[in-house]
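Peer 1: Sequence and predicted structure below; questions after.
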Amino acid sequence: MPATEPLLNAPEFTVSELSSALKRTVEDAYGHVRVRGEISGFRGPHSSGHCYFALKDESAKIEAVIWKFAHARMRFKPQEGLEVIATGKLTTYPGSSKYQIVIEAIEPAGVGALMALVEERKKKLAAEGLFDEARKQLLPWLPEVIGIVTSPTGAVIRDILHRLQDRFPRRVLVWPVKVQGEGSAEQVAAAIRGFNALPEGGRIPRPDLLIVARGGGSLEDLWSFNEEIVVRAAAESMVPLISAVGHETDITLIDFAADKRAPTPTAAAEMAVPVRSELLVEVAGLARRTMVCWLRGQESRRNELRAAARALPAAGDLLAIPRQRLDSAGSALPRGLKANTNAHHRRFSQLSAGLTLKVLRGQVSQARQRLIVSGERIRLSARALLRNRRDRFAGLEVRLKASKLSNAQAQRNAIARARERTLRLAERARRALDTAMQRREARVAHSGQLLSALSYRGVLARGFALVRDEHGHAVHAAASIGPGAPLSIEFSDGRVAATADADRPAATSAPTSQPTLARRETKTLAPKRVVKPVDQGSLF
């Protein structure tokens, strides 16, 4: 009887019903699970906002999906190659007959993965130049307004305010934010950018210095200050910024982007302002020293002036000789003026005697003659120069025309030679292609003939048959066939299924010349043995 008869009473399922049943079975058996593995095949969110990737370990892999709304709430975003612990629900996807995990939360698998993520992000931001020392600003010596970004309920703000009150009271603006947990990184970045966006001279004064502070904690607690959005906001801040996150041994990425890193929040307050009492003492000491130096300088200049006054002669002694020279010059001045006037009158008389009308006309005539001669010489020189240039240009024109014709003829000859060479190469290429094609056709024809000669189908065409077992392997000996074994006999015109006879005589060695082929013999085949399958029951 056929093998399918015992299963006629089993229930029938459609593909959709079977897939739904499997889906319910998997979801009921595995509700919410935590899976640890390495992210593989992550290429960022899909255009729909969902994320599709796989979680794998050394020997297995499971498909994973993160829906759009869950991805937006995650503190840690999935990255290629990151080892994570994923929490979600196991389900199946009927469209491709595979099971997958729908991830609702994801976290790095241990501190080692977190440190690897921090190092990778640090290298990326450092390559962009966000940690360069040239970008950092100097802190103001005495800021008027200090902006603090921290939690308003923690001990950090009280420590900072207490230290500022002790050292130098300043006006403080506090921007309350979450310093831990989901959404804290966005709040810290928004606070830094909000302080920078305050207008100067506005109702709320713009701070001269910013302090981003938080108490100590584990690496996971301080993770918000390792987020890229916080680091970029700190690097873009135009107001000088002090990073005071954690204790002295805690290092976060905002420490590298800030203008100054403080080991503790209290140390940040000490960096922000000097000690007022020390300043008062120092200013008073400088004022006393300045007054003493000024009095000492005045006394020294007074003594020098007195010494210089004693060394100077009397005013009458200094002016006696100059006064005598002035009197002598005053008495000789009338006589000098008269002698100078007479000398100028004589010189004028001599010059006026030579300035007659006849002399002037002679000088004008000589100048006109020189002008005429110079004009004639210039005209002759211009004509000669123009003639020389015209002759030179005519010679250059003749040479240019000859060179142009010669160059054109040389180019025509070169083109003719190139065309002739191209034609020769084309003819040689065509002949070489024909020869190669003939050789390939001959090789293909020879290979076809050789294949036909060596093919076993030529032997089948002469009346032989090829016997194969149930696995499709050729049978070489009768001893290798068990009783009732299914066989396949291939003839030249098709195949026939057969079953080995259980009552056949003992197998003898096959002829040497035909190890795998046998003459077709007509014999009665034994009825097929039917093996009744074991009832496996219903899966459902």
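Peer 2: Received, thanks.

Peer 1: First-to-last residue distance for stretch 490-499?
Peer 2: 14 Å (CA to CA, to the nearest Å).

Peer 1: got it, and stretch 177-191?
Peer 2: End-to-end distance of stretch 177-191 (CA to CA): 8 Å.

Peer 1: what does stretch 253-266 give?
Peer 2: End-to-end distance for stretch 253-266, by CA to CA: 20 Å.

Peer 1: How far off centre is it?
Peer 2: Distance of stretch 253-266 from the chain centroid (CA atoms, centre = their mean, to the nearest Å) equals 26 Å.

Peer 1: Following the biggest helix by length in the chain in sequence, what is the next regular element?
Peer 2: Counting by DSSP state H, the longest helix found in the chain is helix 357-454. Next helix or strand after helix 357-454 toward the C-terminus (DSSP states H and E): helix 456-461.

Peer 1: helices or strands up against the first helix or strand past that next one going along the chain?
Peer 2: Heading C-terminal from helix 456-461, the first helix or strand you meet, by DSSP H and E, is strand 464-468. In terms of contacts (3 or more CB pairs under 8 Å, 6 or more residues apart in numbering; DSSP states H and E), strand 464-468 is packed against strand 486-491, strand 517-519. All C-beta atoms are positioned from the backbone trio N, CA, C, and that covers glycine.

Peer 1: who's in contact with the longest one?
Peer 2: Yep, that's strand 486-491 we're talking about. Strand 486-491 has contacts (CB atoms under 8 Å, 6 or more residues apart in numbering) with 460, 465-470, 472, 475, 481, 495-500, 520.

Peer 1: wait, residue 94 sits on residue 17?
Peer 2: No: counting by CB atoms under 8 Å, residue 94 does not reach residue 17; the two are 10.5 Å apart.

Peer 1: and the helices and strands packed on strand 464-468, which one is worst for confidence?
Peer 2: Mean pLDDT values for these show the minimum at strand 517-519, a mean of 41.

Peer 1: and residue 211, what element?
Peer 2: Assigned by DSSP H and E, residue 211 belongs to strand 209-214.

Peer 1: From the contact counts, what lies against that strand?
Peer 2: With contacts taken as 3+ CB pairs under 8 Å, 6+ apart, strand 209-214 sits against strand 145-150, helix 155-167, helix 184-197, strand 241-245, helix 265-272.

Peer 1: Report the contact partners of the residue nearest the centre of the chain.
Peer 2: Nearest to the mean C-alpha position of the chain, counting by CA atoms, centre = their mean, stands residue 128 at 7.2 Å. By CB under 8 Å, 6+ apart, residue 128 lies in contact with nothing.

Peer 1: Give me the pLDDT for it.
Peer 2: At residue 128, the pLDDT value in this model is 92.

Peer 1: Check residue 388 too.
Peer 2: 92.

Peer 1: and the gap between it and residue 395?
Peer 2: Separation of residue 388 from residue 395 (CB to CB, to the nearest Å) stands at 11 Å.

Peer 1: Quick one: low-confidence residue ranges for the protein.
Peer 2: 1-9, 27, 110-113, 502-540 (pLDDT under 70).

Peer 1: At which residues are the strands of the stretch 51-200 of the chain located?
Peer 2: Remark: strands assigned in the stretch 51-200 of the chain by DSSP state E, counting those that start in this stretch are 51-56, 61-66, 83-93, 98-108, 145-150, 171-176.

Peer 1: angle of the fifth one against helix 155-167?
Peer 2: When you say that, I think you mean strand 145-150. Relative orientation of strand 145-150 versus helix 155-167 (axes from the mean of the first three to the mean of the last three CA atoms, to 10 degrees): 160 degrees.

Peer 1: How about the contacts made by the spatially closest residue to residue 279 that is not a sequence neighbour?
Peer 2: Take residue 279 and drop its neighbours on the chain: the residue closest to it by CB to CB, 6 or more residues apart in numbering is residue 168, 7.6 Å away. Residue 168 sits next to 142, 273, 274, 275, 276, 279 when contact means CB under 8 Å, 6+ apart.

Peer 1: Next, count neighbours for the last one.
Peer 2: Translated: residue 279. Around residue 279 there are 14 other residues, counting by other CB atoms under 10 Å.

Peer 1: Distance-wise, check it relative to residue 285.
Peer 2: With CB to CB as the criterion, residue 279 and residue 285 are 11 Å apart.

Peer 1: go on, the second one?
Peer 2: When distances are taken as CB to CB, residue 273 and residue 285 turn out to be 20 Å apart.

Peer 1: neighbour-wise, which of the two wins?
Peer 2: The neighbour comparison of residue 273 against residue 285 (other CB under 10 Å) goes to residue 273, with 21 against 10.

Peer 1: so the more buried one makes contact with residue 143?
Peer 2: Yes: Residue 273 is in contact with residue 143 according to CB under 8 Å; the separation is 7.1 Å.

Peer 1: Give me the common contacts of those two.
Peer 2: residue 170.

Peer 1: Now do the contacts for the nearest residue to residue 221 once chain neighbours are set aside.
Peer 2: Sequence neighbours aside, residue 180 is the residue nearest to residue 221 in space, at 5.4 Å (criterion: CB to CB, 6+ apart). Applying CB under 8 Å, 6+ apart to residue 180 gives the contacts 214, 217, 221, 224.

Peer 1: Please check the residues you listed and keep the buried ones.
Peer 2: Listed as buried from those are 214, 221, 224; burial here means 16 or more other CB atoms under 10 Å.

Peer 1: Adding distance to residue 135, write the residues you listed out as CSV.
Peer 2: Listed next are the buried ones among the contacts of residue 180 as CSV, based on distance: CB to CB, whole Å:
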residue, distance to residue 135
214, 23
221, 28
224, 22
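
Peer 1: Quick check: of those, which lies closest to residue 206?
Peer 2: Minimum distance to residue 206 across the buried ones among the contacts of residue 180 is 23.1 Å, recorded for residue 214 (CB to CB).

Peer 1: Any idea what that closest one is bridged to?
Peer 2: residue 245 (DSSP bridges).

Peer 1: picking up where we left off before, show me which of the contacts of strand 486-491 are buried.
Peer 2: Buried by 16+ other CB under 10 Å: 460, 465, 466, 467, 468, 469, 475, 481, 498, 500, out of the contacts of strand 486-491.

Peer 1: can those go into CSV with extra columns for distance to residue 333?
Peer 2: What follows is the buried ones among the contacts of strand 486-491, written out as CSV (distance: CB to CB, whole Å):
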residue, distance to residue 333
460, 156
465, 160
466, 155
467, 158
468, 153
469, 154
475, 157
481, 161
498, 162
500, 164
